[in-house]
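Trainee: Could you work out the structure for the sequence below:
(one chain, ligands or ions: 1)
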Amino acid sequence: MRNRNAAVPRNAVVTGSTSGIGLATARALAEGGCHVMLNGFGDRAEIDRLCAEIAARSGTTIVYSGADLSRPEEARALVSEATAVLGPIDILVNNAGIQHVAALHEFPEDKWDLLLAVNLSAAFHTIKAALPAMRERRWGRIVNTASVLGLVGAPHKPAYVAAKHGIIGLTKSVAIEVAEHGITCNAVCPGTVLTPIIEKQIAQQAQVTGLREEQVLEAVFLDKMPTGRLVPPDEVAATIAFLCSDAAASITGTAIPVDGGYTTH
Ligand code: NAD
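Mentor: Reported below is the predicted structural model:
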């Protein structure tokens, strides 16, 4: 990413950016001068309003694709769609993610396949589609949103933990392959960020345990973070935006915790 005064604004795709960390990242990249393609699900009128609002603040082009990343052909097409509208893609943030919580012995097979498709395989497809133009231009930034659960295990989330460990492996492998072409590939590993993916889990756990939602948040999620506070989406977005900058040219193949100390235990 370059600042808004740069002669050549960067073109970015942020998957899963209709809410939460992805939306904060799209905003941060746009404010830094990037043209951005948003992606994800949600109410179309609200998404159009978001695009217009970000564009008005940043003065850059903000567009949207509803590509369903559980489908490999749509994940690949997302990059060509973005290229057709914005030009060659310089920055790719693979952020879309879903969760399903169940013990392994009763974990549904279709949920395993879906989680692996969205949280891991989609990044393989988008990276493969984006790399040729980055190599040609000898500049590229790829950031994958992993999780603290890409670094440590957790019960009842086998597909999520496997996919997030997998995306860190993919990150390292890609980083080595493309390093000589001016392209970096990194992962960020957030702790608990209060977004729809977590709100759903808090509501579920409250129902199962009979605790109030604030008690679940405190006992199950905040307890793991020495800072004792939720990670704001903007802090994850700022880390991603830095990794997308020229200043981060020597940072590659990393998995950076933004986790309030979660993984220090
Ligand atoms: P979120 O639910 O707000 O965002 C998820 C985004 O992914 C949404 O835009 C949604 O529409 C999109 N999405 C879901 N399925 C999709 C599909 N098939 N195709 C395209 N888009 C799809 O949650 P979030 O917390 O902002 O999650 C963003 C990323 O951060 C995820 O990869 C998640 O695993 C990761 N993460 C979140 C936390 C947390 O505590 N919230 C912690 C660690 C990692």
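
Trainee: which ones are touching Ala238?
Mentor: Ala28 (C-beta atoms under 8 Å, 6 or more residues apart in numbering). (C-beta placed from N, C-alpha, C; glycine too.)

Trainee: Go ahead and list the helix or strand containing it.
Mentor: Under DSSP states H and E, the secondary-structure element containing Ala238 is helix 233-243.

Trainee: Count the neighbours of Arg49 for me.
Mentor: Burial of Arg49 is recorded as 11 neighbouring residues (other C-beta atoms under 10 Å).

Trainee: Kindly report the same for Gln207.
Mentor: Residues near Gln207, counting by other C-beta under 10 Å, number 11.

Trainee: Sticking with it, tell me its helix or strand.
Mentor: Judged by DSSP H and E, Gln207 forms part of helix 196-209.

Trainee: wait, does that helix make contact with the ligand?
Mentor: Yes. In terms of C-beta under 6 Å from any ligand atom, part of helix 196-209 sits within range of the ligand, namely Pro196, Ile197, Ile198.

Trainee: Report the separation between the residue nearest to Gly253 when sequence neighbours are not counted and Leu243.
Mentor: Leaving aside its chain neighbours, Gly253 sits nearest to Ala175 (3.4 Å; criterion: C-beta to C-beta, 6 or more residues apart in numbering). According to C-beta to C-beta, to the nearest Å, Ala175 and Leu243 sit 11 Å apart.

Trainee: out of the two, which sits in the more crowded spot?
Mentor: Leu243 (24 against 19).

Trainee: so the more buried one touches Thr184, yeah?
Mentor: Yes. Using C-beta atoms under 8 Å, Leu243 and Thr184 qualify as a contacting pair, with a distance of 7.1 Å.

Trainee: joint contacts of the two?
Mentor: Shared contacts of Leu243 and Thr184, defined by C-beta under 8 Å, 6+ apart, comprise Arg141, Ile251.

Trainee: ok, Val236 - contacts?
Mentor: Residues in contact with Val236 (C-beta under 8 Å, 6+ apart) are Ile21, Ala24, Thr25, Thr145, Val188, Pro190, Val193, Val258.

Trainee: neighbours of the third one, just the number please.
Mentor: Okay, so that is Thr25. Look at Thr25: counted by other C-beta under 10 Å, it has 32 neighbours.

Trainee: Going by secondary structure, it is in what exactly?
Mentor: When elements are assigned from DSSP H and E, Thr25 belongs to helix 20-31.

Trainee: what is the orientation angle of that helix with helix 196-209?
Mentor: Following axes from the mean of the first three to the mean of the last three C-alpha atoms, to 10 degrees, one obtains 160 degrees for the angle between helix 20-31 and helix 196-209.

Trainee: quick check, Leu170 in a helix?
Mentor: Yes. In this structure, Leu170 lies within a helix as judged by DSSP: H, G, I helix; E, B strand; the rest coil.

Trainee: If any of the residues of helix 196-209 next to the ligand are buried, put those into a PyMOL selection.
Mentor: Filtering these down to the buried ones (16 or more other C-beta atoms under 10 Å) takes a single PyMOL command:
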select buried, resi 197+198
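
Trainee: Dump the residues of helix 196-209 next to the ligand into CSV; add pLDDT as well.
Mentor: Compiled in CSV, these are given as follows (pLDDT from 0 to 100):
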residue, pLDDT
Pro196, 93
Ile197, 92
Ile198, 94
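
Trainee: ok, so of the residues of helix 196-209 next to the ligand, who is nearest Leu104?
Mentor: Closest approach between those and Leu104, by C-beta to C-beta: Ile197, at 20.1 Å.
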